[in-house]
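Fold the following for me, if possible:
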Amino acid sequence: MEHKTILSLFDHSGEWARPYAEAGHNVICVDVKESGSPFVNFEVDVMDMSIEWILDNIWDLCGDGIDGILAGPPCTHFTVSGAQYWKAKDEDGRTAEAVAFVERTLAIVDFIKPDFWVIENPVGRLPKLVPDLQDFGPLYVQPHFFGDAYTKKTGLWGQFNPDMPRNDVEPIRACDAGSWLMQLGGSSEKTKALRSVTPAGFAAAFFAANQWNDGQVKIRWPFHDEMEDEGETLPSYIADDAADGYDPWN
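Residues are numbered from 1 along each chain as shown. Okay, here's the model as predicted:
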């Protein structure tokens, strides 16, 4: 089997990428916090991942390049469960900071051009704030679609194979508010980390659909027309910043 390389961004636990590692592929996790994953880890802010940084720190680990990108950018300022705070976050800059993480992820995807890429985020206002994503999803999934008996609806945007094998189970209602996640409460770093861990069933199903059979990942959804001339125009998430004199790669 040819070993591929997966870059997993905003990944503290490494759980989404774990099936790739267990299959013998290289996994590189990036998170601003010290990672608890057993894979190659970089404790770095994604906003500091310039082209130069990628070439200096990651490229030598990748063999022929990065073949797949998984990304779960912070959702706190996007999720509909916090809609009552959106206005304040818009005014104090937290929303703009969260959007910048997603735009940087798209810039990294555009530079690397992996076989597949995917961004995960819960139901909320992400596609409205980052319109470029609207061409790439969403595909909404639940943990109980893949054998984990709880609810946590989330969306996927990207270029990937959505035909994940299902293992539907009945979700367990652990409290009046719903799943066991609702019992965690609080805003501590520990509870945030627990809520953000990728369900094992989903990770396995995504891997099953997005691996290299016959040498390629069979991307069938969503469909996106590539620019005929790659050098003709800049994607809007880069062009808008460039027009303001800001280079998102430096």
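
only C-alpha atoms for contact and neighbour calcs from this point on.
Will do.

Going by neighbour count, which residues of the lengthiest helix in the chain are buried?
Ordering each helix of the chain by length in residues (DSSP state H) puts helix 94-112 first. Neighbour-count burial for helix 94-112, counted by 16 or more other C-alpha atoms under 10 Å, picks out 95, 98-109, 112.

Distance of the spatially most central residue of the chain relative to T95?
Centroid-nearest residue in the chain, with C-alpha atoms, centre = their mean: A71, separated by 1.9 Å. According to C-alpha to C-alpha, to the nearest Å, A71 and T95 sit 18 Å apart.

related to what we said a few turns ago, please identify which of the buried residues of helix 94-112 is nearest to H3.
Nearest to H3 out of the buried residues of helix 94-112 is I112 (C-alpha to C-alpha; 17.4 Å).

what's near enough to touch the closest one?
By C-alpha atoms under 8 Å, 6 or more residues apart in numbering, the residues touching I112 are 65-66.

Report pLDDT for it.
On pLDDT, I112 comes in at 92.

Tell me where this protein has helices.
With DSSP H as the criterion, the chain has helices at 18-22, 51-57, 86-92, 94-112, 126-129, 189-196, 200-209, 236-243.

Can you spell out which helices and strands pack onto the shortest one?
Based on contacts counted as 3 or more C-alpha pairs under 8 Å, 6 or more residues apart in numbering; DSSP states H and E, there is no element that helix 126-129 packs against.

Near the nearest residue to W157 once chain neighbours are set aside, how many other residues are there?
The shortest distance from W157 to any non-neighbouring residue, by C-alpha to C-alpha, 6 or more residues apart in numbering, is to G137 (4.6 Å). When neighbours are counted by other C-alpha atoms under 10 Å, G137 registers 18.

do you know how far I6 is from N210?
11 Å.

wait, I meant D64
Applying C-alpha to C-alpha to D64 and N210 gives a distance of 18 Å.

Please identify which of the two sits among more neighbours.
For the pair D64 and N210, the greater number of neighbours falls to N210 (23 against 11), based on other C-alpha under 10 Å.

In contact with the more buried one, which residues?
Neighbouring residues of N210 by C-alpha under 8 Å, 6+ apart: 116, 160-161, 217-218.

same thing but at 7 Å, please
160-161, 217 (C-alpha atoms under 7 Å, 6 or more residues apart in numbering).

Let me have those in JSON lines, extended by pLDDT.
Formatted as JSON lines, those follow (pLDDT from 0 to 100):
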{"residue": "F160", "pLDDT": "93"}
{"residue": "N161", "pLDDT": "92"}
{"residue": "V217", "pLDDT": "71"}
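
Which of those ranks first by neighbour count?
Result: F160 is most packed of the contacts of N210 (other C-alpha under 10 Å), 24 neighbours.

Could you tell me the least trusted of the helices of the chain?
helix 236-243 (a mean of 42).

Grab the nearest non-local neighbour of G158.
Leaving out its chain neighbours, G158 is closest to V118 (C-alpha to C-alpha, 6+ apart), at 4.3 Å.

Equivalent analysis for L129, please.
With sequence-adjacent residues excluded and distances taken as C-alpha to C-alpha, 6+ apart, L129 is closest to V99, at 7.0 Å.

pLDDT score assigned to M1?
The predicted local confidence for M1 is 58.

Check the one 10 residues further on too.
Predicted confidence (pLDDT) at D11: the value is 86.

how far away is it from A203?
13 Å.

And I69, by the same measure?
For I69, the distance to A203 - C-alpha to C-alpha - is 13 Å.

cool, and P114?
With C-alpha to C-alpha as the criterion, P114 and A203 are 19 Å apart.

what does L55 give?
Taking C-alpha to C-alpha, one finds L55 at 28 Å from A203.

so what's the residue nearest to W157 scoring on pLDDT?
Model confidence at G137 (pLDDT) stands at 85.
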